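>>> please find the sequence and the predicted model below.
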Amino acid sequence: MSPLFLLPLFILAADWKDAPIEQRHPEAIELFQCDFGETVDLNYDLWPDQWTRRTGPGYPRYIDVEINEDETAGNGRSLLVDLDGGAATIYSPPIAVRDIFSYVLEGRLKTEGLHYDKAYISLTFFNDKQQPVETYYSEKFRESGGWVKIRIGPIAPQNTGLDLAVIGLHVVPEAGVDEDLTGKVWFDDIWFARLPKMTLATLDGGSVYLDDQDIEVTCNVSGILEQNPTVIFELVDVGRQSLARQESRLDGKVVARKTEKISELFGKRAYQDENWDVGYAGDINWKPPIEENGFYEIRATMLGSSGLMHRRIMTLAVVSRDKVPERGEFGWSLPNGEEPLDFQRMFDLLTTAGVNWVKFPVWYNDNDTDRANNLARFAERLHKHNISMVAVIDKPPADIRNLFGEQETMLVANVFAEPLLWRPYVEPILTRLSLTVHYWQLGADDDVSFVGYTNLLEKLQQIRQELRTSGQDIMLGIPWRWMAQTPEGQKPPYDFLAYSILPPTGALDGLIPMTKDELGAYLDKSKGKTTRFATIYPLPRSRYTTEERARDLVEKMLAAKIHEADAAFIPKPFDQEYGLMNEDGSPAELLLPWRTTARLISGTKYQGSIQLPNRSRNYVFSREGRTVMVVWNSRETEETLYLGDDVKIVDLWGRELIPKQDGKKQVVPVGPIPQFLIGLNDSVATMRLAFQFDPAQLESDFGRTQRIDATIKNTFPAAISGTARLVAPDVWNVNPGILRFKLTRGGELKSPYKILLRADADSGMQPVRIDFNITTDQEYEFSVYREIQVGSGMMQVESSSVLDKETGDLIVEATIYNLSEELMSFDCLLYASGRRQMRQRIMNFGLGRTTIVYRIPDGKQLQGSTLLLRLREIGGTRVFNHRVEVKD
């Protein structure tokens with residue numbers, strides 16, 4: 001086997017990062033070290049002894065790679081890669097390893113002049129058949145800003161029977177789009193060491209559990225030099241609060257020594273330390289006392305006589321056993337198929353997570369009957385559980401890829417250019433799956449190669465005709481960019497477009513996820529043109545907090561629902577940066593916010609927003625008589641109102657809480673993180689939404705009776721009778737104070753309130769409350785909150801007051817906003833109890849704002865009082881009243 005075949009099979013993540021990057025792990029035992037000094041170049045050819053170089057397409061020999069004298073390097077020498085187009089990869093000699101240990105790899109690198117390439121290191125493990133089974137990567141650098149230290153691990157290999165490891169040093173073009181013709185990369189101080197191996201997993205291999213399932217975790221330890229260390233288990237919730245703890249002693253057993261045979265790889269003898277395989281092993285189980293739904297971490301810490309030896313963290317999610325709605329809008333794209341799970345575990349996860357849509361690649365090798373059978377069973381099971389599958393026909397499988405010319409990019413628009421090439425291989429898949437799979441997408445979500453395609457509609461019509469010969473009822477779609485013009489025709493040859501924000505290259509590098517407002521605007525713009533599948537990228541994990549990411553994700557899901565996306569997909573659910581799950585298949589922090597939102601609003605109808613007493617933002621959805629509200633506020637507050645008789649609060653992590661009661665009203669704490677209110681009385685909620693004032697405005701004409709009409713609609717399932725009392729500011733005279741009504745089912749009443757504003761009534765938006773008392777099958781008391789505009793709305797005033805401690809004056813500052821183009825002139829009169837009025841004048845005030853300041857002597861006497869600021873139009877009848885609250 002040649003080094004050319006050292007290709008990545010797995011990209012796995014480690015979770016033990018206690019040692020700072022500047023330090024080396026105290027428990028580590030060095031297995032290999034190379035600083036490119038004179039001892040690794042005994043023949044003075046400027047090439048490190050026993051190291052090899054990858055050759056072949058894309059890896060030209062003419063790129064200079066050699067040991068370089070470097071005063072900035074740790075030992076005065078480093079390995080220099082001098083670019084001239086193409087890529088370069090250098091491999092270490094094989095190093096003897098064993099699966100009872102975990103491992104850490106460190107190195108230093110420096111880059112200069114890179115524009116397209118990135119530099120990084122890798123670690124590949126081989127089994128005893130010299131087959132690569134696991135590969136791990138470091139962070140990748142284009143601009144390092146000088147020497148940087150990089151690390152892989154500690155990592156606990158998942159495979160057994162490991163024999164060797166090989167270190168790779170890489171300088172490779174990112175995404176294969178372009179390559180650097182100039183640029184330099186230096187590598188130095190490559191260090192590889194072993195650590196005790198510690199794994200943490202559930203006994204049944206699961207990670208997302210229903211709330212009535214038992215959970216037991218096991219901690220397996222091997223490769224330790226101390227026989228009986230202490231293992232501490234800890235249960236931690238999403239808020240990093242410790243919930244439970246258990247401390248036990250490990251009963252370690254001696255692990256049998258491996259044979260002394262020295263392994264070889266590529267004809268090179270492996271480096272082997274004399275004590276490389278000595279160690280003890282053992283395991284401990286724990287049943288974490290999880291009492292409610294939520295996202296949890298299980299932490300296992302191993303302590304020895306010298307202190308911390310190792311630590312492992314695993315994540316779990318516990319959810320309610322809910323029935324998934326038969327129809328919904330939210331799904332996942334699975335570009336890697338069932339990976340990182342198997343078909344059974346992926347199916348279990350999808351059904352437990354509440355997924356309604358799944359995009360899945362279906363193009364397999366022609367002779368792979370096992371995959372064909374597994375895929376067909378998988379599609380049938382999804383169909384029976386009301387999960388709609390979108391079959392993605394993406395890159396051709398490996399056994400026929402050479403027929404299509406391209407090897408690296410393999411864009412779907414080029415793959416489907418010639419029916420004679422693709423039809424014989426796609427036809428059997430369509431024939432087998434089209435009975436249960438109705439949606440078929442040409443290309444993965446990140447392949448937008450059809451955008452800008454010449455004669456696109458004609459090409460899609462041809463593809464559609466070819467596909468229809470094998471699958472009669474298929475719905476055909478393609479990936480599309482939101483920013484690109486939607487292809488239109490009299491009868492488009494596609495049934496849906498899978499919209500995304502990816503650039504023409506389809507690359508995720510530097511992706512800035514779309515905001516909720518942008519998503520809503522694009523959905524509104526494309527409405528009615530076609531069936532629309534939207535992609536929702538969460539905020540990147542590396543740059544935002546869990547709370548910020550959770551709120552943003554929920555807001556985008558709400559936008560997709562409110563603006564009527566036909567389906568909304570998480571494009572990379574198993575992704576460290578943009579996913580809901582970790583890359584090893586365990587849940588990440590955003591899984592439950594996604595599930596909770598999807599579970600509660602899928603298949604619902606958006607009803608609108610209810611004005612709440614403290615103006616918290618909210619959206620109301622209903623499905624089959626069940627009403628749910630999502631609510632949040634930029635500040636911590638409480639909303640007190642009657643919502644129903646069986647109301648519960650559900651937070652984003654699925655935890656339920658019964659709110660406190662104030663009589664028949666619920667007291668709901670609200671803050672920046674959205675939460676859901678379930679069990680709302682549907683009739684009360686819709687009656688609140690239906691109530692209207694016409695007009696919802698009064699003129700700033702004080703002393704004259706004005707009329708506004710109230711529209712009341714019966715949204716209860718039977719006839720009602722009741723009263724509606726308008727509670728307005730004290731300086732309003734309202735007649736009648738109480739409206740009395742009787743309404744049949746679905747009936748509507750329009751009745752007037754007559755309102756007289758006293759001379760000191762405030763202008764601007766004024767809150768009012770309508771108290772309802774309804775009698776039907778039972779009595780209901782609830783309030784509706786509205787605002788009525790007093791005045792034209794062309795002016796606004798903001799004010800503040802502060803006591804000047806040096807002079808004793810009360811300083812009142814008022815900022816006046818003119819929201820119209822009209823020039824206005826006002827006398828500004830300030831009234832304080834027991835004081836003479838104070839006057840200022842504003843002349844020819846146009847669009848914009850201006851500020852006036854009053855100084856009132858002996859201001860301490862006015863603390864706790866209310867002042868009246870009256871703006872009286874000069875030469876006109878308009879008056880604007882504003883109250884200034886003086887704090888104590």
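Cool, the structure landed.

>>> what count of nearby residues applies to residue 240?
Residues near residue 240, counting by other CB atoms under 10 Å, number 8. Where C-beta positions appear, they are placed from N, C-alpha and C, glycine not excepted.

>>> same question for residue 41.
Residue 41 has 17 neighbours, counted by other CB under 10 Å.

>>> and it, how close does it get to residue 186?
16 Å (CB to CB, to the nearest Å).

>>> wouldn't residue 394 be in contact with residue 363 here?
Yes: judged on CB atoms under 8 Å, residue 394 makes contact with residue 363 at a distance of 6.2 Å.

>>> more neighbours: those two, which one.
It is residue 394, of residue 394 and residue 363, that has more neighbours when counted by other CB under 10 Å, with 21 against 17.

>>> tell me the confidence at that one?
Predicted confidence (pLDDT) for residue 394: 88.

>>> now do the contacts for it.
335, 361, 363, 412, 443, 444, 447 (CB atoms under 8 Å, 6 or more residues apart in numbering).

>>> residue contacts, the fifth one?
The one in question is residue 443. So residue 443 contacts 392, 393, 394, 411, 412, 413, 449, 450, 478, 479 (CB under 8 Å, 6+ apart).

>>> among the residues you listed, who's most crowded?
In terms of neighbours by other CB under 10 Å, the contacts of residue 443 top out with residue 392 at 28 neighbours.

>>> name the residues that touch whichever helix or strand that residue is part of?
Assigned by DSSP states H and E, residue 392 belongs to strand 388-393. Here strand 388-393 makes contact (CB under 8 Å, 6+ apart) with 331, 333, 335, 356-363, 379, 382-383, 412, 426, 429, 433, 436-444, 477, 533, 567.

>>> hmm, 7 Å instead?
356-363, 379, 382, 426, 433, 437, 439-442, 444 (CB atoms under 7 Å, 6 or more residues apart in numbering).

>>> list buried residues within those residues.
The neighbour count (16 or more other CB atoms under 10 Å) marks 356-363, 379, 382, 426, 433, 437, 439-442, 444 as buried among the contacts of strand 388-393.

>>> take those residues and keep only those in strands.
Counting by DSSP state E, the buried ones among the contacts of strand 388-393 place 357, 358, 359, 360, 361, 439, 440, 441, 442 in strands.

>>> just the residues you listed now: which is nearest residue 662?
Distance to residue 662, by CB to CB, is smallest for residue 357 among these, at 41.7 Å.

>>> in contact with the closest one, which residues are there?
330, 331, 387, 388, 390, 567, 569.

>>> and the buried ones among those, selectable in PyMOL?
Buried residues among the contacts of residue 357 (16+ other CB under 10 Å), as a PyMOL selection:
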select buried, resi 330+331+387+388+390+567+569
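
>>> out of the contacts of residue 357, which is nearest to residue 214?
Out of those, the member with the shortest distance to residue 214 (by CB to CB) is residue 387, at 26.3 Å.

>>> in which helix or strand does residue 551 reside?
helix 546-562.

>>> what's the following helix or strand after that helix?
Helix 546-562 is succeeded, C-terminally, by strand 567-570 (DSSP H and E).

>>> partner strands of that next one, parallel or antiparallel?
Strand 567-570 has these partner strands in its sheet, going by DSSP bridges: strand 330-333 (parallel), strand 531-535 (parallel).

>>> relative to residue 194, which of those is closest?
When the strands paired with strand 567-570 are ranked by proximity to residue 194, the top entry is strand 330-333, at 37.5 Å, counting by CB to CB.

>>> who touches that closest one?
Counting by CB under 7 Å, 6+ apart, 355-359, 445, 557, 567-571, 573, 598, 602 sit against strand 330-333.
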